[in-house]
Structure formats: C-alpha cells, structure tokens
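>>> here is a sequence with its predicted model. Questions after.
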Amino acid sequence: MVKVTTLKDVAKLAGVSVATVSRVVNGHKAVADETRARVEDAVRKLNYNPNSIARSLVTGRTDAILLYIVQEDPIVPTTWSYELPIIQGISDFLRGKSWELQIIMCSNREFQEPGFVNDKLDRRNVDGILVISAWTVERHVVSELKKRQIPYILVGCNDPDGKSPSFEYDNAAATKALVKHLRGLGHTTFGLIGGANDQLHMQDRLRGFEEALESSGLPLWNRLIKQGNWAVESGYSCMKELLSESPQPTAIVCGNDHIAVGAMQAIRESGAEVPRDYAVVGFDDTIVAQVATPKLTTVRAPLQEMGTMAVKALHRALTKPESWTPPKVVLPCEIVLREST
C-alpha cells in the first residue's frame, strides 16, 4: 500500500510543529520567512498534497471559483473568438495562485431555467461565481445566486435591474464612434446588418447606431436595418438585400467582422468596390478583419482585460471582503481604422 504523506511527516522533516505546517499550508502570514522556506521545501520533497476538504474546514474556503459560460444552442463558431480572450484573462490572473477554476458550459435556455443554477451548485463546493453571457441574466437567476450568499460577478452582461456586480464594455459608444467616423468621410445614408437581436451586445450596438444617426440629424430607415446571425453568409445575403433598397446606403455598419466580410463579398459581386463605392465596418477585431480584402475597419473590445478585472474583483471579495465594493464597470473600446473606410 502506498503511504500517504501527512502534516506530521512534513513537520518532522522541516523540524517544526504540526501547527506551523498547517499555518504555512493555509497561507497564514504569521510565520518567519526561514521557517516558511523549510516547510515549503519539505512539502516539495515529500510531494505533500493537503486534503482540500480538510483545508476548507480550517480556512472556511474551498479555494474554488465556478465559471458559467453561457452560449447559443448550438453554439455559433464566432462565439469562441469572444469567449476565449475573457477566459484567458481569468486564467492568467489565477495562474500561480491556489485557486481552482471550475467551468460549466451551458446554453442560455438551460441557464435561465428555474432551478438550474441551484442544481449545479448543489453538486459543487465553491467560494465565488463568474458568469460569462451575452444575454440579460433574469431576475430569478439573480435571486438564486444571491440566496447562496456566494460572491458573484457578471461578465459581459447585466441583470434587468442593473444591480448585480458586473464588468461590461461599451458597445453603444463604440458604434457611435464608427458612425461619427463614417459621417466625417461624407456618408449620409447608413445601413446596418446585425447579429442575434436577442443578445445584449447587438441590442446595444443597434441603440448606439440609432442614437448616432439621430444626433447627427440623419434619417433612420428601418428597411436599411437587416438582421443576420453573426455568420459570413448572413452578411452576404443581407447586403444583397441592401443593394436592392432605395435609398441605397453607402455606409454599412456590421454587427461583427464575419458579417462585414460577407457584406464586402456581395458588394464586389455587384461590380462595386470598397471603399470607393461603399464603406464597411465590423466589430471585434478578429483575425478576419486583418486578412480581409480590403482590411477591415472595426472595433477592438477589451475582452482579456475584462476577464482579468472581473476575476481580480472576485478574488478581492473572497480574500478581503471587508474592503470590497461590488463593482459596476463599463470599459471603453478602441476603434481600429483600416482600408475598408
């Protein structure tokens, strides 16, 4: 039988008491540097792995954070280019720390079902929760999270009352900046090809588009607003529809880069050129924007930074709750000007 290393074994090798080893393992600061070094050296030599359940009884923490990733069903391929930088930001912050990141991936339909959150949490023991979603988190879900009395933060989304701690980026302001840029180039007739209109990001981009036209004194033509589904194919088909409309827009604001690439393909097939005849802008600054012909003017959202800031705030809530203020942060985006305008 393989012998399991215990606190007593570590204490004997390090020449300290079991209580001292416990303090080092559980992160207490009241240990001399030399003593801490001896204990840590003994831990490495003996390959000691403290039992997480036993440690949680001592510290009152599990050192585990749960990340809900809420997606379409089936997931849209372009969603990964949005989610992965956020997850990278979370992972980078936790690297080297004792915290474990657990992940539950689910559809928005599942996440919004009454009892779904409670059911998943009943099977896990975690200290804090992060939720990445592109939809509004409904009130009953927020209620389930609050009843757990576990700190949670929404990432890229909010709740209907705007009271949950959250980190988002400013889709509306970014879209207004795009319209302002195009207006400065002399465009007066605008079209929009959107993505999924039930998602917060697209709703905010549409709102920014409408408000920008209104503030500029430009007409808003409802027939020049087309709804796609984030894919290249939808950008292509929606642009073909716009080419047959009257008045015909010369500035096309697209919900993401993939839609914009599809729109530019339809424009080329019509015999026109970008940006000579039409200006096209995207959103997300994916690799697609950089390899498109012409290269695409787009929006760079602070996705990785948003993930890092969210998990950093949650970490503070767990380690220094007395000084934690629930955040509500909206980060600015960056306009990336390229050849398509």
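Right, received. Where do you want to start?

>>> so what's the closest residue to residue 255 other than its chain neighbours up against?
Sequence neighbours aside, residue 195 is the residue nearest to residue 255 in space, at 3.7 Å (criterion: Cβ to Cβ, 6 or more residues apart in numbering). Just so you know, the C-beta spots here come from the backbone N, C-alpha and C atoms, and that holds for glycine as well. Counting by Cβ atoms under 8 Å, 6 or more residues apart in numbering, residue 195 touches 201-202, 228-230, 255-256, 259.

>>> from these, which is closest to residue 136?
Proximity of these to residue 136 (Cβ to Cβ) peaks at residue 201, which lies at 11.3 Å.

>>> so who does that closest one touch?
Residue 201 neighbours (Cβ under 8 Å, 6+ apart): 134, 156, 171, 195.

>>> in helices, which of those fall?
Secondary structure assignment by DSSP state H places residue 171 of these in helices.

>>> make TSV from the contacts of residue 201 and add pLDDT to it.
Shown next, in TSV, are these (pLDDT from 0 to 100):
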residue	pLDDT
134	96
156	97
171	98
195	94
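
>>> would residue 198 count as being in a strand?
No: Residue 198 sits outside any strand when classified using DSSP: H, G, I helix; E, B strand; the rest coil, being coil.

>>> got a pLDDT number for it?
Note on residue 198: pLDDT of 93.

>>> repeat for residue 56
48.

>>> can you pull out the helices in the stretch 101-250 of the chain?
Remark: helices assigned in the stretch 101-250 of the chain by DSSP state H, counting those that start in this stretch are 108-112, 116-122, 139-147, 171-184, 200-215, 232-243.

>>> give me the residues contacting the second one.
Under the contact criterion Cβ under 8 Å, 6+ apart, helix 116-122 has outside partners 66, 68, 104, 106, 110-111, 141, 144-145, 147-148, 150.

>>> how about 10 Å then?
Here helix 116-122 makes contact (Cβ atoms under 10 Å, 6 or more residues apart in numbering) with 66, 68, 102, 104, 106, 109-111, 113, 115, 126, 129, 131, 137, 140-145, 147-148, 150, 152.

>>> distance-wise, check the residue nearest to residue 255 relative to residue 39.
54 Å (Cβ to Cβ, to the nearest Å).

>>> do residue 261 as well
57 Å.

>>> how about residue 105?
Counting by Cβ to Cβ, the gap from residue 105 to residue 39 is 38 Å.

>>> same thing with residue 248?
On the measure of Cβ to Cβ, residue 248 and residue 39 end up 74 Å apart.

>>> of the two, who's got more company?
Legend: neighbour count by other Cβ atoms under 10 Å for residue 248 and residue 39, higher for residue 39 (24 against 13).

>>> could you list every helix and strand in contact with whatever helix or strand that one lives in?
Using DSSP states H and E, residue 39 maps to helix 33-46. The contact analysis (3 or more Cβ pairs under 10 Å, 6 or more residues apart in numbering; DSSP states H and E) places helix 33-46 against helix 7-14, helix 18-25.

>>> weakest of the ones you listed by average pLDDT?
helix 18-25 (a mean of 80).

>>> in stretch 90-104, what counts as buried?
Residues of stretch 90-104 classed as buried: 90, 93-94, 99, 101, 104 (neighbour count, 16 or more other Cβ atoms under 10 Å).

>>> output the below-cut-off pLDDT ranges for the stretch 151-300 of the chain.
Applying pLDDT under 70 to the stretch 151-300 of the chain picks out no residues at all.

>>> and what of the stretch 1-150 of the chain?
If you take pLDDT under 70 as the line, the stretch 1-150 of the chain has these spans: 1-4, 26-29, 49-62.

>>> end-to-end on stretch 240-254?
14 Å (Cα to Cα, to the nearest Å).

>>> work out the gap between it and the centre of the chain.
31 Å (Cα atoms, centre = their mean, to the nearest Å).
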